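Asks: give the three-dimensional model of this entry:
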Amino acid sequence: MAGRLKILIENIGDLGETFEVDPKRFAAEAAKHPAVAALVDPVFSQDRDKFEEHIGTADAMVGWKLPFRDLPRLAPKLRWLHLTGAGINHLLPLDWKPDHLTITNNRGVHAPKVAEFATMAILMLHARMPALVSHQKAKRWEPEFTPLIAGKTVLIVGVGHMGGAAAEAIRKLGVRIIGLRRTKQPHPAVDQMVGLDELHRVLPLADYVLVATPLTSATKGLIGAKELDLMKPGAGIANIGRAGVIDYDALSDRLRSGRIGGAMLDVFEPEPLPASAPYWDVPNLIITPHCSSDDIQQYVPRTLELVFDNLERLVAGKPLRCVVDPKLEY
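Replies: Now for the predicted structure:
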């Protein structure tokens, strides 16, 4: 692209500062990229207070919630849209996207925090912490003694940026890692990589299952009652991917019966999880409110590192990083 670039940065107030791309943070990253920063004219919008005024002349946009189906009409100049999250389900189907618009997302930005959270989740499942929390709520003194975790097997469903980071961290505990991914592409931290068609074969081998896959047409309902019954009696499961991958009602039944030893769930549909939802009182379940992957200090700086890298690529006419493939059925 030639000339100056107008970039509209759309923030959502109720998400808080963890996700706010404010002028101060933008300027801090811009200082590291002076050449491209000199070509960029940023406009900061809060809860769309400047959206209508500037979207029609914007070359690029950074944001999350937007009237996407109206973008072709509202933003004829828009060539690049960067999403400040990894999931794109709220934009689907992508039949509204014009050919000249490239969409990128925050794949990889979550990896360091996910690595810590996933390690914690697997260790908590191994230590029977969901059961211990249930005992506490019932005011019941009931110890749960467990061995060291070394030698156990962890199945990671979805070895992308998040699942790969989790594998690298969890492997340090001395466990065996089985990975499952659509492409079956090997990963250095995974001892055995399999495809979706082998899920039923490897589920019985796992002591703990970590779900880190996005929700796609292939992964929706991937782990239902049949799959849960294939797991080892007393095994644990954690979900940091998307709620629709697991049948939570079937999981709840097996947590109540003790067939599944414990679960940690970080993602739900809808969010926030309503007070009326049945999952709050399920025993042997720990609920976290979708906070497994968002670093309050580094999420925005890491986002802006990716944004400025792509700005440099855009100016140079090079392919952008983390491009969303519209041909994939998310």
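Asks: residues contacting stretch 19-26, please?
Replies: Residues outside stretch 19-26 that contact it (CB atoms under 8 Å, 6 or more residues apart in numbering) are 9, 11-12, 42, 44, 62, 64, 84, 294, 299-301, 303-304. (Glycine included, C-beta is placed from N, CA and C.)
Asks: just those: which are in strands?
Replies: 9, 11, 42, 44, 62 (DSSP state E).
Asks: list the residues that contact the third one.
Replies: Which is residue 42. So residue 42 contacts 7, 9, 23, 26 (CB under 8 Å, 6+ apart).
Asks: weed out the non-buried ones from those residues.
Replies: The neighbour-count criterion (16 or more other CB atoms under 10 Å) marks 7, 9, 26 among the contacts of residue 42 as buried.
Asks: make TSV out of the residues you listed and add pLDDT and distance to residue 173.
Replies: Output for these, formatted as TSV (pLDDT from 0 to 100; distance: CB to CB, whole Å):
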residue	pLDDT	distance to residue 173
7	98	42
9	98	40
26	98	38
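Asks: now these in CSV, with distance to residue 259?
Replies: Output for the buried ones among the contacts of residue 42, formatted as CSV (distance: CB to CB, whole Å):
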residue, distance to residue 259
7, 51
9, 48
26, 50
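Asks: quick check: mean pLDDT across the helix or strand containing residue 136?
Replies: Assigned by DSSP states H and E, residue 136 belongs to helix 129-137. Regarding helix 129-137, the rounded mean pLDDT is 98.
Asks: need the max-distance pair from the contacts of stretch 19-26.
Replies: 42 and 294 (22.6 Å; CB to CB).
Asks: related to what we said a few turns ago, closest to residue 277 among the buried ones among the contacts of residue 42?
Replies: Nearest to residue 277 among the buried ones among the contacts of residue 42: residue 9, at 33.8 Å, using CB to CB.
Asks: still on that earlier bit, nearest to residue 210, of the contacts of stretch 19-26?
Replies: Checking these against residue 210 with CB to CB, the nearest one is residue 294 at 17.7 Å.
Asks: distance of the closest one from residue 15?
Replies: From residue 294 over to residue 15 the distance is 10 Å, taken as CB to CB, to the nearest Å.
Asks: can you report phi and psi for residue 292?
Replies: phi -80, psi -20 (degrees, to the nearest 10).
Asks: count of neighbours near it?
Replies: 25 (other CB atoms under 10 Å).
Asks: cool, and residue 102?
Replies: Residues contacting residue 102 under the criterion other CB under 10 Å number 19.
Asks: can you pull the contacts of it?
Replies: 79-81, 320, 323 are the contacts of residue 102 under CB under 8 Å, 6+ apart.
Asks: how's this protein carved up into domains?
Replies: 5-109+296-316, 111-287 (automatic domain parsing).
Asks: what's the pLDDT at the nearest residue to residue 130 once chain neighbours are set aside?
Replies: Closest residue in space to residue 130, ignoring its immediate chain neighbours: residue 262 at 3.5 Å, by CB to CB, 6 or more residues apart in numbering. Looking at residue 262, its pLDDT stands at 98.
Asks: re earlier: so of the contacts of residue 102, which ones are in strands?
Replies: Of these, the ones assigned to strands by DSSP E are 80-81.
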